[in-house]
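S.K.: for reference, the sequence and a predicted model appear below.
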Amino acid sequence: MSVSAADAFAAIRFINSVVSKVKENREEIQRLASRLEYILLSLEDSRQRDVLQTAEYTDALTVLYDLIERSQRVLQRLLKRSLGDRTWNRDEITTELGRINLDVQNYMSVHTIKTIDTLTSESAQQYTSLSTDVKEIMVKLAEIDIRLKTPTGAPWSSGLLLEATQNVSRSTYTENPNATPISIDYEPDIMTAYSAATAGRTMLKVMGVRRNPDSPLDTITLTDIKVDAHFEEINAAIKDAGYECPGGFKEQELALTVTSGTSEYDATAPGGLKVSQSMPLLHWWNKYRAHHGLAPATTPSHSIARLADDSQSITATNVQFSFHRTLRVPDEGEISKLPKTMGKFRLDPVSKYAESLPESIVTKGGFIMAMFQREALWIEFTPDQQSRYPPGVNAISGVAKTLPAPPDSKQDYIVAGLQPWLDGVMTELGVIRQFVAMPPGEGYTIEEQVTGKSENSSFQFDVFPLRESPPGDFILYDGRNTENVVEQIYSPRLTVHRTPAELSLPAGARIGLLSHKAGFIPKAASWTLSAYRRQNDAQAGLVAHYYEELDVARRTWAYTSSVNDNLRSISLSVTGRARSAGLSLGLGAGGKIKQKIYQDPVSTRMYNEEAGERFHVHILTTEAWEDITGVVPHPSPISPETYKENKLPWFTLYDEDLPGLESNANNVLQNIKSVSQIDQQSPPTPSLLVDLSEERCTQHTNASATCVFRPCAHLACGECVKEAQANGLVCSQCGRAVDRFVGFRAPVKLEQSKAKAKAPGTKVLDDAAVQIYLHEQTANSRTVTIYHDPEDRVSPLFSRSSSVEAGGHI
């Protein structure tokens, strides 16, 4: 990797700019940044005086930049903690910061360290205020992802990503390599530069090299290799030593030690890689990958959901959610079969109507839909991820979202890819009560019956992806020759979601990861020797591989996954209403339907709870939908006549081969009363909207109607709208005042829309232009970004097998 002093200056300045955004370890970060600045100044001073040769300067700069990148990775974890992510605890971060500081101190004298730390403490007052703006923290986190080239994972919103990219571009454009990045006044030290340059070279043992195809294999030690050497540089050194260049290299198999203390993810730390007895092996693997910047990016407190082009489904974390209209099943008597779909509900982004919606809905974001009280709904899940429902009350467990967990810790979620749909709340084994729309505040809604309150107006979906699985099997090194591939193949396999303690492994036991890919290094510029050793072993060597050789491991292994990659857990909460009376409908419990909630075939430990995403779907009354959107709701095919039909189409889901839950997640929902139990009679069917099937203007019968006047309900064409405006918003047909014009397919435009802002190009824009563009893009986009306040962060799955995180403060 080629780096410059300008890159280092920009990175150090960035570290200083982030100090006000983190809640913890701020003093240590400032101290570390000052020490890194000092080393960089010393290198630049030595270069300008010709004290260091070009190669020595480059080696020293490489060592320094490795320290800077490690520091940025720690900042990445701290920023995520500021957003509520608890993947890394305080002790782990403090330990890593201490290790980096110790490595930095190796290049500095004791006197210099004391001087810098004193001056840093004196200048620390400027960072006493803490930024609590969630979006500011997210932008900085996105900047780190860009700077560290974090593998693509959960995407940032286009607005955040644009702002972060602009910030990184500005730092690149304005950087002066000869400028001093600090205000602290102290003299550079030539010995510091020499120490860093010396650390830029290392030795490497390479096994299995040959001089020609017929010669025996040798083991050689390359004595002057750059610490960050990559594939081509190692090959060149082998060639200089008189050997044939191999086509590739095989890495040393990963090995770690079970410990009764805390886990360790840096192989260069004392004792090497370690896994705590109380940590599942899969969790260790995920944190190991994240520690080294190999894991896909995550976006805490930030969720993205996309509305389909037909506005009839939502996709979040690769799960598609569709909301189907259906008939209300009989509220009394026998348990009904599953009702068929009668079309899908139309949805719109909250952001599209943010100026018209109440703050309680705008704050949560997500989507809105209109529902007639004569309808019921069911939800369809298309793979692939896991989710949970109603924010007020969990649809499976019946537990309010404000409570920590169901008492018996049963499964309180469904699995997309396994559960095709859900028609209501689970009240008993194999039975649900249908989702029906009811007015809030009158005791009908599920949330009111469980919590005594009606504070929300939405479905809340929390979607959790599966964790990244290792590319092989964890095995127990039981005294066999671990360099013998055949011996390794028959070593005991360890269950990946279990902890060493659960596997009866004592402290000191050795565990290996036998890769299905046989550890071959790709010819990629991203691979470096220093990163490999930090990931594997401080003195790790390589095995040369010549392509005509047959590899035992590749012949032997045929990889098959034991986990369906399409599985996702979905937690669903059902809520009551918004705070504006008459605006929204709550969800009540209708008649009983036979439906299983399928048992999850994998442990909850397989899901990444810190990568959960959340979105809401708010249910509006049809009148509120018209007021807010300016468009009539999509006509419902369900009418009173539909209910009068004697033969209704039902169907059965043939699911005898799939196990359902063996017990209720919680008995709270067993006591939920249906709508008719509350009413002691069938709920009245509300009046229908005007029949829009003909869509002819009431006054100009030869013209097509484009809207309806409210409240008189006359269908009107464009000419009628002009007449009504000219008459002071009075209907020319009946003389009544027109409160609102409601369009059939689009809002009625009563004035010319303003010109739109131009999209920004590749040049750096001023902040005002960027903000105008982002505002208009957000209002018109089908992609919805939801920012979660710390108190509203996605809660973990309740059904934990046990507490598994090892040691340290949260």
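M.R.: Nice, thanks for sending it over.
S.K.: contacts, neighbours, all on C-alpha from now
M.R.: Fine.
S.K.: distance of Ala197 from Glu44?
M.R.: According to C-alpha to C-alpha, to the nearest Å, Ala197 stands 12 Å off from Glu44.
S.K.: again with Glu27
M.R.: 26 Å.
S.K.: those two: which is more packed in?
M.R.: More crowded of Glu27 and Glu44, by other C-alpha atoms under 10 Å: Glu44, with 22 against 15.
S.K.: which residues touch that one?
M.R.: The contact partners of Glu44, taken as C-alpha atoms under 8 Å, 6 or more residues apart in numbering, are Ala5.
S.K.: now with 7 Å?
M.R.: Counting by C-alpha atoms under 7 Å, 6 or more residues apart in numbering, Glu44 makes contact with nothing.
S.K.: now Arg170, what's its secondary structure?
M.R.: Judged by DSSP: H, G, I helix; E, B strand; the rest coil, the three-state class of Arg170 is helix.
S.K.: ok, it - how many residues close by?
M.R.: 13.
S.K.: report pLDDT for it.
M.R.: Looking at Arg170, its pLDDT reads 78.
S.K.: and for Ser674?
M.R.: 53.
S.K.: offset the numbering so it begins at 69, please.
M.R.: Sounds good: first residue 69 from here, last item Ser742.
S.K.: touching, Ile205 and Val87? I think so.
M.R.: No - Ile205 lies out of contact with Val87 (C-alpha atoms under 7 Å); the separation is 10.6 Å.
S.K.: what is in contact with these two at once?
M.R.: When contacts are counted by C-alpha under 7 Å, 6+ apart, the set common to Ile205 and Val87 is empty.
S.K.: neighbour-wise, which of these two wins?
M.R.: Neighbours were counted for Ile205 and for Val87 using other C-alpha under 10 Å; Val87 has more, 26 against 20.
S.K.: what separates that one from His856, distance-wise?
M.R.: Distance from Val87 to His856, by C-alpha to C-alpha: 22 Å.
S.K.: so Arg673 touches His565, yeah?
M.R.: Yes - taking C-alpha under 7 Å as the definition, Arg673 is a contact partner of His565 at 6.2 Å.
S.K.: of the two, which one has the most company?
M.R.: Arg673 (21 against 18).
S.K.: quick one, grab the pLDDT at that one.
M.R.: 90.
S.K.: same thing with Gly340?
M.R.: 94.
S.K.: which parts of the stretch 569-718 of the chain are helices?
M.R.: Ranges of helices within the stretch 569-718 of the chain are 597-603, 620-624, 690-697, 708-712, based on DSSP state H, counting those that start in this stretch.
S.K.: which stretch in those helices is the model least sure about?
M.R.: helix 620-624 (a mean of 33).
S.K.: nearest spatial neighbour of Ala76, chain-adjacent residues omitted?
M.R.: Leaving aside its sequence neighbours, Ala76 sits nearest to Tyr133 (C-alpha to C-alpha, 6 or more residues apart in numbering; 6.4 Å).
S.K.: the one you found is in what secondary structure piece?
M.R.: helix 122-150 (DSSP states H and E).
S.K.: buried residues, that helix. List them.
M.R.: Within helix 122-150, the residues scored as buried using 16 or more other C-alpha atoms under 10 Å are 124-133, 135-150.
S.K.: and the next helix or strand past it?
M.R.: helix 158-173.
S.K.: where does the stretch 419-568 of the chain dip in pLDDT?
M.R.: Along the stretch 419-568 of the chain, the model assigns pLDDT under 70 to residues 452-478, 507-525, 546-559.
S.K.: what about the closest residue to Ala376 other than its chain neighbours, neighbour count?
M.R.: Closest residue in space to Ala376, ignoring its immediate chain neighbours: Ile382 at 6.1 Å, by C-alpha to C-alpha, 6+ apart. Neighbourhood size, Ile382 [other C-alpha under 10 Å]: 26.
S.K.: Ile382 contacts Ile372, correct?
M.R.: No - with contact defined as C-alpha under 7 Å, Ile382 does not reach Ile372; the gap is 10.3 Å.
S.K.: where's Val271, which helix or strand?
M.R.: Actually, residue 271 is Met. It isn't Val. strand 269-277.
S.K.: just the CA trace of the next helix or strand after that strand, in PDB.
M.R.: Moving toward the C-terminus from strand 269-277, the next helix or strand (DSSP H and E) is strand 286-294. The C-alpha trace of strand 286-294 is given here as PDB (Å, rounded to 0.1, in the frame of the first residue of the first chain):
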ATOM      1  CA  ASP A 286      13.000 -26.200   0.500                       C
ATOM      2  CA  THR A 287      12.300 -23.900   3.300                       C
ATOM      3  CA  ILE A 288      13.900 -20.400   3.100                       C
ATOM      4  CA  THR A 289      13.900 -17.300   5.300                       C
ATOM      5  CA  LEU A 290      13.700 -13.900   3.600                       C
ATOM      6  CA  THR A 291      15.600 -11.500   5.800                       C
ATOM      7  CA  ASP A 292      14.700  -8.100   4.400                       C
ATOM      8  CA  ILE A 293      11.000  -8.000   3.600                       C
ATOM      9  CA  LYS A 294       8.800  -4.900   4.000                       C
END
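S.K.: strand 286-294 relative to strand 269-277, how many degrees between them?
M.R.: 150 degrees (axes from the mean of the first three to the mean of the last three C-alpha atoms, to 10 degrees).
S.K.: angle of strand 286-294 against helix 122-150?
M.R.: 80 degrees.
S.K.: so for the next helix or strand after strand 286-294, what's the average pLDDT?
M.R.: Remark: after strand 286-294, the chain's next helix or strand is helix 299-308, criterion DSSP H and E. Regarding helix 299-308, the rounded mean pLDDT is 91.
S.K.: what about dumping the CA coordinates of helix 299-308 to CSV?
M.R.: Only the C-alpha atoms of helix 299-308 are listed here, as CSV (Å, rounded to 0.1, in the frame of the first residue of the first chain):
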residue,chain,number,x,y,z
PHE,A,299,2.1,-11.0,-3.1
GLU,A,300,4.3,-9.6,-5.9
GLU,A,301,7.0,-8.3,-3.5
ILE,A,302,7.3,-11.7,-1.7
ASN,A,303,7.5,-13.5,-5.1
ALA,A,304,10.2,-11.1,-6.2
ALA,A,305,12.3,-11.8,-3.0
ILE,A,306,11.9,-15.6,-3.6
LYS,A,307,13.1,-15.1,-7.2
ASP,A,308,16.1,-13.1,-6.0
